[in-house]
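Q: give me a model of this one.
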Amino acid sequence: MKTATGYRFLVIVVINAAVAAFISAQVAGGSGDEKASEIIARAVQVLGGDKYLNVKSQVGRGKFSVISGGAVVSFQSFVDVIVFPDKERTEFKSLGSKTVQTNTGSNGWVFDGDQELIKVQTEKQIDNFKQGLRTSLDNLLRGYWKGQGELTYVGRRPATLGKRNDVIRLTYKDGFAVEFEFADDGTPQKAIYKHANSDNAEVTEEDHYAQFIDVAGVKSPFIIDRFTNGTQSSRINYESIEFNRPVPDSIFAKPNNVKDLKKDLKL
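A: Numbering: from 1, shown residues only. Below you'll find the model as predicted:
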């Protein structure tokens, strides 16, 4: 039979244990957020530090390939113009056919060269563009997501050749989450997220970053491989990237004249 002193001691032990657990949980959560911030800071330094953060525009040229069964089934040349954080115009060319897709925030238009038509983007197309922004490496590292989501440290995950990557998760207020993986030296490796396809089935998408090249003090991946449910589905292969080139707002405006869109984009 316990004495009053014994009960008092037991209560104190239980309370101390509960307090210790609470403090431990708070510290773990705080250290996780701090760890995620440290990983981002290290990645920014690897990619160029202040020079990377001060990039306002990007002009990229290269090839976009669709891959099926491990083989390239089609490819297009492209010119991609970005004014951060949410303006983008991409022109694709293949076998004399040209397509232009342009977005500015919640607005967008598309030029179909085969039909010679300029169309306002559908809600689905605009949603896809916004999802692309939310899952992009630049959105994470330059902090455009701030005020829209929360960052947490997930832990270490097996990578290639017996190595492990640090994993951080960006969770938006609507519940959509993206995980980013970084090598020990801070180099970005992957972005991973899930979404529902047209059949409402869950699909896992992964963007793998490779061939980081220094351009005027800013490093950028010149190869981005997309994997859908574990199988490679496309590759972006940049041939050149320019940073902070002046970009006129007029190229994002929906034109009235189809003839202007048949010409090569001049900047």
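Q: wasn't residue 190 part of a strand?
A: Yes: the assignment for residue 190 is a strand, going by DSSP: H, G, I helix; E, B strand; the rest coil.
Q: tell me the bridge partners for it.
A: Listed beta-bridge partners, residue 190: residue 181, residue 208 (assigned using DSSP bridges).
Q: please pull out the lowest mean pLDDT helix or strand from this structure.
A: helix 4-47 (a mean of 59; mean pLDDT, DSSP states H and E).
Q: and the next helix or strand past that helix?
A: Downstream of helix 4-47, the next assigned helix or strand under DSSP states H and E is helix 50-53.
Q: in that following helix, what counts as buried?
A: 51-52 (16 or more other Cβ atoms under 10 Å). Heads up, the C-betas are built off the backbone N, CA and C, glycines and all.
Q: just checking, what packs against that helix?
A: Helix 50-53 sits against strand 218-228, with contacts defined as 3 or more Cβ pairs under 8 Å, 6 or more residues apart in numbering; DSSP states H and E.
Q: and the angle from the helix or strand that the strand it packs on is followed by to strand 218-228?
A: Using DSSP H and E, the next helix or strand after strand 218-228 towards the C-terminus is strand 231-243. Relative orientation of strand 231-243 and strand 218-228, computed by axes from the mean of the first three to the mean of the last three Cα atoms, to 10 degrees: 160 degrees.
Q: can you list contacts of the helix or strand following strand 231-243?
A: Moving toward the C-terminus from strand 231-243, the next helix or strand (DSSP H and E) is helix 258-262. Residues outside helix 258-262 that contact it (Cβ atoms under 8 Å, 6 or more residues apart in numbering): 98, 100, 111, 113, 116-118, 255.
Q: now with 6 Å?
A: Residues from elsewhere that reach helix 258-262 (Cβ atoms under 6 Å, 6 or more residues apart in numbering): 100, 111, 116.
Q: in three-state terms, label the first one for me.
A: Per three-state DSSP, the secondary structure class of residue 100 is strand.
Q: the nearest residue to it once chain neighbours are set aside: which element?
A: Spatial nearest neighbour of residue 100, chain neighbours left out: residue 111 (3.9 Å); criterion: Cβ to Cβ, 6 or more residues apart in numbering. Using DSSP H and E, residue 111 falls within strand 107-112.
Q: and whatever helix or strand comes next after that strand, what's buried?
A: Counting by DSSP H and E, the next helix or strand C-terminal to strand 107-112 is strand 117-120. Applying a neighbour-count criterion of 16+ other Cβ under 10 Å, one finds residue 118 buried in strand 117-120.
Q: and if you look at stretch 163-173?
A: 165-171.
Q: likewise stretch 188-198?
A: So for stretch 188-198, counting by 16+ other Cβ under 10 Å, buried means 188-193.
Q: tell me which other helices or strands the one helix or strand residue 138 maps to touches.
A: Residue 138 is part of helix 137-141 when elements are defined by DSSP H and E. If you count contacts as 3 or more Cβ pairs under 6 Å, 6 or more residues apart in numbering; DSSP states H and E, helix 137-141 packs onto no helix or strand.
Q: just the CA atoms of it, as CSV, please.
A: Presented in CSV, the C-alpha positions along helix 137-141 are these (Å, rounded to 0.1, in the frame of the first residue of the first chain):
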residue,chain,number,x,y,z
LEU,A,137,13.4,24.2,-57.1
ASP,A,138,13.6,28.0,-57.6
ASN,A,139,10.3,28.5,-55.8
LEU,A,140,11.7,26.6,-52.8
LEU,A,141,15.2,28.1,-52.7
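Q: distance between it and the chain's centre?
A: Its chain's average C-alpha position is 6 Å from that of helix 137-141, according to Cα atoms, centre = their mean, to the nearest Å.
Q: need the residues that contact the very next helix or strand once past it.
A: Of the helices and strands lying after helix 137-141 in sequence (DSSP H and E), the nearest is strand 149-158. The contact list for strand 149-158 (Cβ under 6 Å, 6+ apart) reads 32, 35-36, 164-165, 167-172.
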